[in-house]
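Peer 1: Structure here, sequence nowhere to be found:
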């Protein structure tokens, strides 16, 4: 029995358990659809905004994995469920990877539904660049899952997990461009947003959905998310705790900051040399000035 | 005797200021059902969890099939099965799914259908874990411990908190394991469990093994003595009980006197005379043939379940 086989075994069970979880259905299916309905109402006749809205809604859906997995891991640890798995020949890697993969599979139907609603109900003028969207959704889902898992690895109680999750989530949702366009921020806050992981996902998805940005045009977003994924996954694997009574020291909370290092490096580089803000502002100006028939890639 | 399959030498484990293990040592031969008998806090769970690889010893040697549980990794986990003191599974996992899940982790697997039958869980195969009774959960935990047809099985207080009928059912299952020549290490604070199920027993107290042998050998230490438990109306004169005819040792527990007597009739006659002389009243008197409880009382001056 190899690691892959064990990971797949666990993934299948997690998928089954997710379908029996009402909270999962609410947060992963109902809530994104509520956002979508809100978007339909908000858009009204401005169907040219559908691509931008799709990018934002996909971002919110993908980022949702940040919440679900951290809460699930802490619950399993607190209830002593992880302990039983520890006696079996299963390492921390398959335990974590299976939750990320299962979460991704569960997100796919929602993502598909969102794309179809935008295309046929909101009359999005084209499909966007679907391969680029799929790549970003895949990497983004794994990255935000891993960021959630690292929070679970450094917190001791559900209360603590939810507190840290809320703090980080606020930054993701309000500073990342998923809800408020970064282009509408004051100049200094736009620079701050370059350090937020959600910004790379939102900008990439909005570019791919709005003006059909190619895979190469969202490569930087993908690489930033991918690096974040590797660092966060490896850290949560190393900090993984099976035992309910094994407490993480206070200093361990700093590892959450360490998991964001790739984004701090990317943010610093972008602030001095990059073109991310230019893309962000292009997306925003296109959103404001967009008229039917004018959807072309910015030069 | 061959090489022991489980070897524990001079094991130490502290939890902060609490010394859970203070040099525990014993060895278990292949095919044996070996019991660790002791009161709560004696160090039984620490010992078994070090052997399962769940905890790290501060000092000493722990080996299972020649492997170091802490370092051997997957190879070690593939040859052991375990029932933890408290097993928990996701509430919405079905019984059959739980067995299938854990069976799929191992290269060597027992037939899940057979396990369901053997542990009388066939009717509950499609029930959620949350719908099982305490006894059914424990039977499932036992079945899960056997999904990989292990060489060594660790059972940490497998019947604690269960009603007598379920306890007897689990005794039957363990007796069956004994028949199939599996090596079983079981921790318990139930005398009956140790006497009935174990080939050999180590009595453990305050982190040390204080007696080791077959139940018969251990009880022979108390051979020729009978335990007499007495309750009287008023407190007794200092040291009176210990001076009665035939009394080898005496201890007081919660207002009852436990006497170890070599000549029970003489002891009882002397007791009645003494009580009359003191104008005291006998409230109850019970006699017991020697058990592991007596061995424990003799060695520690305490009851097992204090």
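Peer 2: Right, received. Where do you want to start? Just so it is clear, the structure is predicted and the values come from calculations on it, not from any experiment. Numbering: from 1, shown residues only, chains lettered A, B, ... in the order given.

Peer 1: any weak-confidence spans in chain B?
Peer 2: For chain B, the stretches with pLDDT under 70 are B:1, B:221-224, B:238, B:305-306.

Peer 1: Up against chain A, what does it have?
Peer 2: For chain B, the residues in contact with chain A (C-beta under 8 Å from any C-beta of the partner chain) are B:52-54, B:73-74, B:77-78, B:80, B:82, B:84, B:86-90, B:92-93, B:97, B:101-102, B:104-107, B:144. For every residue, glycine as well, the C-beta is placed using N, CA and C.

Peer 1: try 6 Å
Peer 2: Chain B has residues B:52, B:74, B:77-78, B:82, B:86-88, B:90, B:92, B:101-102, B:104-105, B:107 near chain A, with proximity defined as C-beta under 6 Å from any C-beta of the partner chain.

Peer 1: Pull out the buried members of these.
Peer 2: B:52, B:74, B:77-78, B:82, B:86-88, B:90, B:92, B:101-102, B:104-105 (16 or more other C-beta atoms under 10 Å in any protein chain shown).

Peer 1: Just name the closest of those residues to residue A:152, please.
Peer 2: residue B:90 (16.0 Å; C-beta to C-beta).

Peer 1: that older thread, sort out for me which of the residues of chain B next to chain A are in helices.
Peer 2: B:52, B:74, B:77, B:78, B:101, B:102 (DSSP state H).

Peer 1: What is the neighbour count of residue A:16?
Peer 2: 16 (other C-beta atoms under 10 Å in any protein chain shown).

Peer 1: Checking it next. Helix, strand or coil?
Peer 2: Put simply, residue A:16 is helix when judged by DSSP: H, G, I helix; E, B strand; the rest coil.

Peer 1: wait, what's in contact with residue B:219?
Peer 2: By C-beta atoms under 6 Å, 6 or more residues apart in numbering or on different chains, the contact set of residue B:219 is residue B:290.

Peer 1: Need phi/psi at residue B:121.
Peer 2: Phi and psi for residue B:121, reported as degrees, to the nearest 10, are phi -120, psi 10.

Peer 1: Quick check: chain neighbours aside, which residue is closest to it?
Peer 2: residue B:95 (5.6 Å; C-beta to C-beta, 6 or more residues apart in numbering or on different chains).

Peer 1: I'd like to know how far that neighbour sits from chain A.
Peer 2: As defined by C-beta to the nearest C-beta, to the nearest Å, residue B:95 lies at a distance of 13 Å from chain A.

Peer 1: The residue in the stretch 101-250 of chain A positioned nearest to chain B: neighbour count?
Peer 2: Per C-beta to the nearest C-beta, residue A:243 is where the stretch 101-250 of chain A lies closest to chain B, at 7.5 Å. When neighbours are counted by other C-beta under 10 Å, residue A:243 registers 14.

Peer 1: any idea which element the closest residue to it other than its chain neighbours lies in?
Peer 2: Sequence neighbours aside, residue A:83 is the residue nearest to residue A:243 in space, at 6.2 Å (criterion: C-beta to C-beta, 6+ apart). In the assignment (DSSP states H and E), residue A:83 maps to helix A:81-87.

Peer 1: Also residue A:99?
Peer 2: Using DSSP H and E, residue A:99 maps to helix A:92-116.

Peer 1: List the buried residues of whichever strand or helix holds residue A:231.
Peer 2: Using DSSP H and E, residue A:231 sits in helix A:219-238. Using 16+ other C-beta under 10 Å as the burial criterion, the residues of helix A:219-238 that qualify are A:220-222, A:224-229, A:231-233, A:235-237.

Peer 1: returning to what we had before: for the residue of the stretch 101-250 of chain A closest to chain B, phi and psi?
Peer 2: phi -90, psi 140.

Peer 1: Also residue B:86?
Peer 2: Main-chain dihedrals, residue B:86, degrees, to the nearest 10: phi -140, psi 120.

Peer 1: now it, nearest residue through space, not along the chain?
Peer 2: With sequence-adjacent residues excluded and distances taken as C-beta to C-beta, 6+ apart, residue B:86 is closest to residue A:80, at 5.9 Å.

Peer 1: The helix or strand immediately after the helix holding residue A:231 in the chain: how far from the chain's middle?
Peer 2: The helix or strand immediately downstream of helix A:219-238 is helix A:254-259, counting by DSSP H and E. Counting by C-alpha atoms, centre = their mean, to the nearest Å, helix A:254-259 is centred 18 Å from the centre of its parent chain.

Peer 1: Which positions in the helix or strand following helix A:254-259 come out as buried?
Peer 2: Scanning forward in sequence from helix A:254-259 by DSSP H and E, the next helix or strand is helix A:261-272. Residues A:262, A:263, A:266, A:267, A:270 are the ones in helix A:261-272 that count as buried (16+ other C-beta under 10 Å).

Peer 1: Now do the same for the helix holding residue A:83: mean pLDDT, whole number.
Peer 2: Taken as a whole, helix A:81-87 has a mean pLDDT of 94.

Peer 1: Over to stretch A:6-23?
Peer 2: The pLDDT scores in stretch A:6-23 average 91.

Peer 1: before we move on, what about stretch A:222-234?
Peer 2: Here the average pLDDT along stretch A:222-234 is 93.

Peer 1: returning to what we had before: can I get the buried residues of helix A:261-272 in JSON lines with distance to residue A:284 and pLDDT?
Peer 2: Shown next, in JSON lines, are the buried residues of helix A:261-272 (distance: C-beta to C-beta, whole Å; pLDDT from 0 to 100):
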{"residue": "A:262", "distance to residue A:284": "25", "pLDDT": "89"}
{"residue": "A:263", "distance to residue A:284": "21", "pLDDT": "90"}
{"residue": "A:266", "distance to residue A:284": "20", "pLDDT": "88"}
{"residue": "A:267", "distance to residue A:284": "19", "pLDDT": "90"}
{"residue": "A:270", "distance to residue A:284": "16", "pLDDT": "87"}
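
Peer 1: Which of these sits closest to chain B?
Peer 2: Nearest member of these to chain B, counting by C-beta to the nearest C-beta, is residue A:262, at 30.5 Å.

Peer 1: my read: the closest one touches residue A:229, true?
Peer 2: No. Judged on C-beta atoms under 6 Å, residue A:262 makes no contact with residue A:229 at a distance of 8.9 Å.

Peer 1: Show residues contacting the longest helix along chain B.
Peer 2: Using DSSP H, we find that the single longest helix of chain B is helix B:164-179. Helix B:164-179 is contacted from outside by B:33, B:135, B:142, B:158, B:159, B:184, B:197, using C-beta under 6 Å, 6+ apart.

Peer 1: And stretch B:58-78, by the same measure?
Peer 2: A:89, B:5-14, B:50-51, B:53, B:56, B:79, B:106, B:152.

Peer 1: Pull out the buried members of those.
Peer 2: The neighbour-count test (16+ other C-beta under 10 Å) marks A:89, B:5-8, B:11-13, B:50-51, B:53, B:79, B:106, B:152 as buried among these.

Peer 1: farthest-separated two in those?
Peer 2: Counting by C-beta to C-beta, the most remote pair of the buried ones among the contacts of stretch B:58-78 is B:12 and B:106, 32.2 Å apart.

Peer 1: Now do the helices for the stretch 1-150 of chain B: every range, in order, please.
Peer 2: B:44-52, B:74-79, B:95-103, B:112-118, B:134-145 (DSSP state H, counting those that start in this stretch).

Peer 1: what about residue 110, neighbour count?
Peer 2: Reading this off chain A. Residue A:110 has 21 neighbours, counted by other C-beta under 10 Å.

Peer 1: Correction: the question concerned chain B.
Peer 2: Per other C-beta under 10 Å, the neighbour tally for residue B:110 reads 18.

Peer 1: ok, it touching residue B:149?
Peer 2: Yes. Between residue B:110 and residue B:149 there is a contact at 4.9 Å, judged by C-beta under 6 Å.

Peer 1: intersection of neighbour lists for the two?
Peer 2: With C-beta under 6 Å, 6+ apart, residue B:110 and residue B:149 have no common neighbours.

Peer 1: how far away is the residue positioned nearest the centre of chain B from chain A?
Peer 2: Chain B has residue B:188 as the residue nearest its centroid, 1.8 Å off, counting by C-alpha atoms, centre = their mean. Distance of residue B:188 to chain A, computed by C-beta to the nearest C-beta: 19 Å.
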